[in-house]
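>>> show me the folded form of this:
(chains A and B)
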Amino acid sequence: MGVGIKVENLNAWFGKHQALHNISMEILSNHATAIIGPSGCGKSTFVRCLNRMHETNPDARAEGKVQVKDMDVYADGVAPVDVRRRIGMVFQKANPFPSMSIYDNVAAGLKLNGFRNRKKLDEIVEKSLRSSALWDEVKDDLKKKSGASLSGGQQQRLCIARALAVEPDVLLMDEPASALDPISTSKIEDLIFELKENYTVVIVTHNMQQAARVAEFTAFFLLGKLIEFDKTEKIFTTPSEKRTEDYITGRFG
Amino acid sequence: MTRTRFHQGLDELKRRLLIMGGFAEQAVDRAIHAYATRDVELCKRVLEDEKAINASEREIDEIAVDLLAMQQPMAVDLRFLFSVIKINADLERVGDQAVNIAERVLDLAKSPVGELPVDIARMASIAAAMVHQSLQAFIEENAEMAQQVLERDDIVDAMNREAFESLTRVMQNDPTLTRQALDALIVTRNLERVADHATNIAEDVIFWVRGADVRHHGVS
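Numbering: from 1, shown residues only, chains lettered A, B, ... in the order given. A predicted model of the protein is given here:
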């Protein structure tokens, strides 16, 4: 069991506003790690720095070191597109390509990278849809239905399948279930449980019960700083920091 | 998202638990006083008061379960609720011990008074003080005070062992006092249990305040 993501002295800015201050943490591979904290605390910025999505905002920049296995994410000469292939991301609002079929949605990343082997593509699409627990619901409509025709929960699992198709090491999830009903939410949560067997999962969530249910480790962010990072049961029963306790017990935030 | 209603609920729970603690303490005091004076009427009040303690236990459990289900408490609030549920059960058991003592007094009242070599009054005052101090520690959120309760449990345990030896000798040497000695023995055992429940309450206070498990000398 190794370190999946090693973050050292990560700082991030939006223009002159510093959104992250000197974050250092080691995220274990094949585990789910939850990032919690009040709105504006930098948790989304943090995960978006891990796969260099942050810099796609105008005026945004990041400094520091992010190491994912052998890849130094911010090293000179590393292409952001390669980073994002190794570190997949799922967003709050499911964003399938609306006009593409279910099949093409999943295959999009591979096709974009020039992958053309039809048989192999079929295999990967099936494997990815099985991994995202959507296969049984869509296997008969793969090329008939568009991604947009699915329910919200199915769309989110489709986006997870799309992220898995390029075989990433890490899956970042930014509030993946906050727009879903409880049934769809529990499907996503069960899925996270299975995914961490093969991937390192980092999930941003406002729902502390969700963090408690799915993540072995939890990090609490406040005002752009990492306040506490520990095993989830420790954070939710006996946190070391008063600010963590005040936040998770609803005394501020 | 400051959770005013939730924290009002926790305050209400604390208030009710303290009222219940008052009932339980009063029951022990009355049972002990009844033992010293062989007061049958006082015993009947102890038996009667048990209903209020039992009703109080159910109400506290209901509020606690509602708060768990509706508010999903975390950290210090979760530890508080967990402790309250356990303290509630211990207080109800303290009430049961008072009833057991009262029942022994009712039995003793049928026998002639016999001189027994056991200081039940002293043992009772220590056990009752332990209950009082554990509840005071709960009120003040004071782990140090709770720690002192744990230390006093050994004294009561030792007194219980001494009582066992001396009362066994009484039964051997003077069989006419067997019944009184047996009743006294059961009362010392009840008091030892009261002290054990006070110890549990103190441990729960420490868990709530410090997040530390000090049960069974911290052995997992």
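>>> every contact and neighbour count from this point should use C-alpha atoms.
Fine.
>>> where does pLDDT dip in chain B?
B:1-2, B:218-220 (pLDDT under 70).
>>> the residue nearest to B:R210 when sequence neighbours are not counted and A:V78, how far apart?
Distance criterion CA to CA, 6 or more residues apart in numbering or on different chains; nearest residue to B:R210, sequence neighbours excluded, is B:A143 at 7.2 Å. Taking CA to CA, to the nearest Å as the measure, B:A143 and A:V78 are separated by 55 Å.
>>> ranges for the strands of the chain?
If you meant another chain, say so; for now it's chain A. Per DSSP state E, chain A carries strands over the ranges A:3-14, A:17-28, A:32-36, A:60-68, A:71-72, A:87-90, A:170-174, A:200-204, A:217-222, A:225-231.
>>> strand partners (parallel or antiparallel) of the fourth one?
Pairing partners of strand A:60-68, with direction, according to DSSP bridges: strand A:3-14 (antiparallel), strand A:71-72 (antiparallel).
>>> which of those is buried the deepest?
strand A:3-14 (a mean of 19; mean count of other CA atoms under 10 Å in any protein chain shown).
>>> list the contacts of that strand.
Contact with strand A:3-14 is made by A:18-30, A:45, A:49, A:58-69, A:170, A:200, as judged by CA atoms under 8 Å, 6 or more residues apart in numbering or on different chains.
>>> what about the residue of chain B found nearest chain A, distance to A:L110?
Nearest residue of chain B to chain A, counting by CA to the nearest CA: B:A75, 4.0 Å away. Distance from B:A75 to A:L110, counting by CA to CA: 45 Å.
>>> who's more crowded, the two?
B:A75 (22 against 19; other CA atoms under 10 Å in any protein chain shown).
>>> need phi/psi at that one.
Torsion angles at B:A75 (phi, psi; degrees, to the nearest 10) stand at phi 50, psi -120.
>>> contacting residues around it?
Going by CA under 8 Å, 6+ apart, B:A75 touches A:235-239, A:245, A:248-249.
>>> what sits closest to B:R93 if chain neighbours are left out?
B:H197 (7.4 Å).
>>> wait, that neighbour sits on B:D90?
Yes - using CA atoms under 8 Å, B:H197 is in contact with B:D90, at 5.4 Å.
>>> those two: who's more crowded?
Under the criterion of other CA under 10 Å, the comparison of B:H197 against B:D90 puts B:H197 first, with 25 against 22.
>>> next to chain A, which bits of chain B? Give me the list.
Within chain B, the positions near chain A by CA under 8 Å from any CA of the partner chain are B:1-3, B:72-79, B:211.
>>> export the residues you listed to TSV and tack on secondary structure and distance to A:V83?
Listed next are the residues of chain B next to chain A as TSV, based on DSSP: H, G, I helix; E, B strand; the rest coil; distance: CA to CA, whole Å:
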residue	secondary structure	distance to A:V83
B:M1	coil	37
B:T2	coil	39
B:R3	coil	41
B:Q72	coil	38
B:P73	coil	39
B:M74	coil	37
B:A75	helix	37
B:V76	helix	40
B:D77	helix	42
B:L78	helix	41
B:R79	helix	43
B:G211	coil	42
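>>> re the thing from before, ok, so of the contacts of B:A75, who is nearest chain B?
Distances from chain B to the contacts of B:A75, taken as CA to the nearest CA, are shortest for A:T237 (4.0 Å).
>>> any idea how far that closest one is from B:I206?
As defined by CA to CA, A:T237 lies at a distance of 14 Å from B:I206.
>>> more neighbours: the two, which one.
B:I206 (26 against 19).
>>> list the buried residues for the strand or helix carrying the more buried one?
Taking DSSP states H and E as the definition, B:I206 sits inside helix B:178-210. Going by neighbour count (16 or more other CA atoms under 10 Å in any protein chain shown), the buried part of helix B:178-210 is B:178-209.
>>> repeat that for stretch A:178-185.
Under the neighbour-count criterion of 16+ other CA under 10 Å, stretch A:178-185 has A:180, A:184-185 buried.
>>> now do it: distance to the chain's middle.
Computed by CA atoms, centre = their mean, to the nearest Å, the chain-centroid distance of stretch A:178-185 equals 17 Å.
>>> pick out whichever of B:A143 and A:V78 has more residues nearby.
Ranked by neighbour count (other CA under 10 Å), B:A143 and A:V78 place B:A143 first, with 21 against 12.
>>> hang on, the more buried one packs against B:D204?
No - counting by CA under 8 Å, B:A143 does not reach B:D204; the two are 9.5 Å apart.
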